[in-house]
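Novice: Sequence and computational prediction follow.
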Amino acid sequence: MRAGLGDEVPEALLRSEPNRCVLSSTTVQDPGVNYMPVLETKLNVWTLAAVLTALYTLAGVLKGWWRASLGKRHTLVKGYRRLAPFVRHDYVKALFGEPAWAHKQNVGMHDVDEKERPVQRHVELTVRTWPLGTMGFLVTWCNEDDEVLMYGLTTCSRLLRPTLSVGPYEVRLGRTRLSALPVTQPDDEGPWPELGARRFSYAEQHFFGNPGGYRTWVVGVSDTGVPAEAPIDCSSWGPEELAAYRERAIINSVLVTGSTPIDLSTVMPYGIAPDHDRVRLLELRSPSRIRVSAQCRAVVTEVRSALSRLNRRAGAD
């Protein structure tokens, strides 16, 4: 017997196999009628659970890597750009948490006596230091009312190279050379180069008046940060030697002060960054990472030495 239009197909013609999608019911429809077959599927719940677990674990790993590297850098730079002279210490703590170090230091202040003669008085400021992971350090100088009079940033890693404003100029920490900024004027204090038996530092100040908000920027090179170019033979420098050093030295530290009569010469040049003897005792890297970094530096040094020898031989030939 031949089935006509609209008649149901006999059960013998409907075959279903395990793990296959088949028509739950089949009816011969008119050619002009849109027909959407009803599919019956079997979902493997355990496979879906395994896939979701794997995706969740991968998302956690990526999130942890982001927070420990690029995301952390973004958060730190964003917090630093929210700082300004005379903000409260509690405001800074809300951005960066508790500082790792805090100590008192005497700082000179410009003042006048009863006869309007310039004198210098000393005040005690609280210096607080935050380690920014392994990427750098943040330092604040606060008065007795816990107002931030000065704050600075030092980079110790390639991951922390923010672009900062120094008046009308832009400086990328760890990349920009000192020569990108104008030479210190004769009536300004500084520059302050210093080279000791195991410590060194260099600092110079820049003031731009009202366009700079009457702030003073101190930029330079600290032995705490990287890269660090030591001011060799700085005690006998002349204008040419100073210009040559500024051409090759890269800025790794910036200190910002407000319109306060602080005598910067009483804290410079080492005051541009945290005390190296204090912060070097805090080791945030794992021993394996230190060992690998030392091996990489040794390989790079050996390669550079080999290339230098080859260049000398080529020049001799």
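Specialist: Looks like it arrived, so ask away. Residues are numbered from 1 along each chain as shown.
Novice: Tell me where the stretch 201-317 of the chain has helices.
Specialist: 239-248, 276-279, 287-316 (DSSP state H, counting those that start in this stretch).
Novice: want to throw the ones you listed into JSON lines with mean neighbour count and mean pLDDT?
Specialist: Where you see a C-beta, it was placed from the backbone N, CA and C, and this is true even at glycine. Output for the helices of the stretch 201-317 of the chain, formatted as JSON lines (neighbours: other CB atoms under 10 Å; pLDDT from 0 to 100):
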{"stretch": "helix 239-248", "mean neighbour count": "14", "mean pLDDT": "92"}
{"stretch": "helix 276-279", "mean neighbour count": "16", "mean pLDDT": "89"}
{"stretch": "helix 287-316", "mean neighbour count": "10", "mean pLDDT": "78"}
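Novice: For stretch 102-113, which outside residues touch it?
Specialist: For stretch 102-113, contacts defined as CB atoms under 8 Å, 6 or more residues apart in numbering pick out 118-129, 141, 260-263, 265-267.
Novice: nope, stretch 153-170 is what I meant
Specialist: For stretch 153-170, the external contacting residues (CB under 8 Å, 6+ apart) are 69-70, 73, 76-77, 80, 132, 134-139, 171-176, 180-181, 206, 208, 211-212, 217, 219, 222, 224-226, 252-254, 272-274.
Novice: Swap in 6 Å and give it another go.
Specialist: 73, 77, 80, 134-138, 171-175, 181, 208, 212, 217, 222, 224-226, 252-254, 273 (CB atoms under 6 Å, 6 or more residues apart in numbering).
Novice: Output it as PDB - backbone C-alpha positions only.
Specialist: Provided in PDB are the C-alpha atoms of stretch 153-170 (Å, rounded to 0.1, in the frame of the first residue of the first chain):
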ATOM      1  CA  LEU A 153      59.500  56.300  42.000                       C
ATOM      2  CA  THR A 154      62.500  54.000  41.100                       C
ATOM      3  CA  THR A 155      62.400  51.300  38.500                       C
ATOM      4  CA  CYS A 156      64.300  48.000  39.000                       C
ATOM      5  CA  SER A 157      62.800  46.000  36.100                       C
ATOM      6  CA  ARG A 158      62.000  46.200  32.400                       C
ATOM      7  CA  LEU A 159      58.400  45.600  33.300                       C
ATOM      8  CA  LEU A 160      58.200  49.000  35.100                       C
ATOM      9  CA  ARG A 161      59.000  51.600  32.500                       C
ATOM     10  CA  PRO A 162      56.200  54.200  32.800                       C
ATOM     11  CA  THR A 163      56.000  57.400  30.900                       C
ATOM     12  CA  LEU A 164      56.000  60.300  33.400                       C
ATOM     13  CA  SER A 165      55.600  64.000  33.000                       C
ATOM     14  CA  VAL A 166      58.500  66.300  34.100                       C
ATOM     15  CA  GLY A 167      57.000  69.700  33.500                       C
ATOM     16  CA  PRO A 168      56.400  70.100  29.800                       C
ATOM     17  CA  TYR A 169      58.600  67.100  29.000                       C
ATOM     18  CA  GLU A 170      57.900  63.400  29.100                       C
END
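Novice: Tell me the pLDDT of the nearest residue to F200 once chain neighbours are set aside.
Specialist: Closest residue to F200 apart from its sequence neighbours, by CB to CB, 6 or more residues apart in numbering: A230 at 4.5 Å. A230 is assigned a pLDDT of 91 by the prediction.
Novice: next one: R2
Specialist: For R2, pLDDT reads 49.
Novice: do the same with the one 10 residues further on
Specialist: In this prediction, A12 carries a pLDDT score of 47.
Novice: What of M150?
Specialist: pLDDT, read off for M150, is 95.
Novice: what about it, how many residues close to it?
Specialist: 24 (other CB atoms under 10 Å).
Novice: Test my guess that it contacts W141.
Specialist: Yes: under the criterion of CB atoms under 6 Å, M150 makes contact with W141 at 4.0 Å.
Novice: Report the central residue of this structure.
Specialist: Closest to where the C-alpha atoms of the chain average out (CA atoms, centre = their mean) is L160, at 2.8 Å.
Novice: Identify the spatial nearest neighbour of it, chain neighbours not counted.
Specialist: M135 (3.8 Å).
Novice: what ranges of this protein fall below the confidence cut-off?
Specialist: 1-43, 65-71, 185-188, 284-290, 292-293, 317 (pLDDT under 70).
Novice: just the strands in it please.
Specialist: Ranges of strands within the chain are 101-112, 118-131, 136-142, 148-155, 163-166, 169-172, 192-195, 200-207, 216-222, 253-257, based on DSSP state E.
Novice: just so I know, which of these lies nearest R246?
Specialist: R246 sits nearest to strand 200-207 of all the strands of the chain, at 8.3 Å, using CB to CB.
Novice: Just name whatever secondary elements the closest one is in contact with.
Specialist: Applying 3 or more CB pairs under 6 Å, 6 or more residues apart in numbering; DSSP states H and E, one finds that strand 200-207 contacts strand 192-195, strand 216-222.
Novice: Just the residues contacting the last one, thanks.
Specialist: This means strand 216-222. Applying CB under 6 Å, 6+ apart, the set of residues contacting strand 216-222 from outside is 154, 166, 201-207, 228-229, 249, 251-257, 272-273.
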